[in-house]
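>>> only geometry, no sequence info:
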Ligand SMILES: CC(C)(COP(=O)(O)OP(=O)(O)OC[C@H]1O[C@@H](n2cnc3c(N)ncnc32)[C@H](O)[C@@H]1OP(=O)(O)O)[C@@H](O)C(=O)NCCC(=O)NCCS
């Protein structure tokens, strides 16, 4: 019998979370992990909002948005491999979108590695479209795709399975 996957929740990231988040960052982004100080600095920014996914007191995912109206930027998003495919990345992204809308953003931009099809699938499912390529953007020479989500498009994509509140979510 497979183990109960358990339940997780989303909550705002606080400074005390930074060491755990940074440990995940180094594991999930071995080529271009942010230094710990960058998370601390981002949390102190009045234009940045960061969230964590937590299960049994352990952080299993995180994401951040910068919003300078009318543009929101997904700064980062990550879920630990053991918890991928449970909808946590989608929930984090929905939360960032809700936050961006609340702050008056009309569009959200992000960068994703050209060799990261899983993340690209996630973004496309939410309605993101590729608008640029930045050749050799990453330290190891990989290209970056710049993707954009129009938050104002009529009938617009999807917030697949969208909740009404961005503050807390369970699967
Ligand atoms: C990209 C990333 C954030 C996605 O997170 P995730 O939690 O796995 O995302 P989701 O579970 O919401 O969706 C992923 C897949 O699981 C499926 N899924 C979602 N909920 C599910 C559920 N309850 N049961 C089974 N499958 C599910 C989705 O359909 C989706 O399928 P796809 O791979 O065909 O697109 C994660 O893979 C990651 O952190 N990767 C490494 C870091 C990274 O690349 N970050 C992005 C940088 S731009």
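Perfect, I can see it now. Keep in mind it's a predicted model, so treat the numbers as computed, not measured.
>>> quick check, residue 53 in a helix?
No: counting by DSSP: H, G, I helix; E, B strand; the rest coil, residue 53 falls outside a helix, being strand.
>>> in the sheet, who's paired with it?
Note on residue 53: beta-bridge partners residue 10, residue 61, judged by DSSP bridges.
>>> That one: what's it in contact with?
8-10, 59-62, 79, 83, 88, 91-92 (CB atoms under 8 Å, 6 or more residues apart in numbering). C-betas here are computed from N, CA, C, even on glycine.
>>> what separates it from the ligand, distance-wise?
Distance, residue 53 to the ligand, using CB to the nearest ligand atom, to the nearest Å: 8 Å.
>>> likewise residue 102?
Counting by CB to the nearest ligand atom, the gap from residue 102 to the ligand is 21 Å.
>>> still on that earlier bit, so which of the contacts of residue 53 are also by the ligand?
Among these, the ones lying near the ligand by CB under 6 Å from any ligand atom are 79, 88.
>>> Output the contacts of residue 53 in JSON lines; the columns should cover pLDDT, neighbour count and distance to residue 40.
Output for the contacts of residue 53, formatted as JSON lines (pLDDT from 0 to 100; neighbours: other CB atoms under 10 Å; distance: CB to CB, whole Å):
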{"residue": "8", "pLDDT": "97", "neighbour count": "23", "distance to residue 40": "24"}
{"residue": "9", "pLDDT": "97", "neighbour count": "14", "distance to residue 40": "23"}
{"residue": "10", "pLDDT": "98", "neighbour count": "23", "distance to residue 40": "21"}
{"residue": "59", "pLDDT": "98", "neighbour count": "19", "distance to residue 40": "15"}
{"residue": "60", "pLDDT": "98", "neighbour count": "21", "distance to residue 40": "21"}
{"residue": "61", "pLDDT": "98", "neighbour count": "25", "distance to residue 40": "19"}
{"residue": "62", "pLDDT": "98", "neighbour count": "27", "distance to residue 40": "14"}
{"residue": "79", "pLDDT": "98", "neighbour count": "24", "distance to residue 40": "22"}
{"residue": "83", "pLDDT": "97", "neighbour count": "18", "distance to residue 40": "25"}
{"residue": "88", "pLDDT": "97", "neighbour count": "24", "distance to residue 40": "24"}
{"residue": "91", "pLDDT": "97", "neighbour count": "25", "distance to residue 40": "25"}
{"residue": "92", "pLDDT": "98", "neighbour count": "27", "distance to residue 40": "20"}
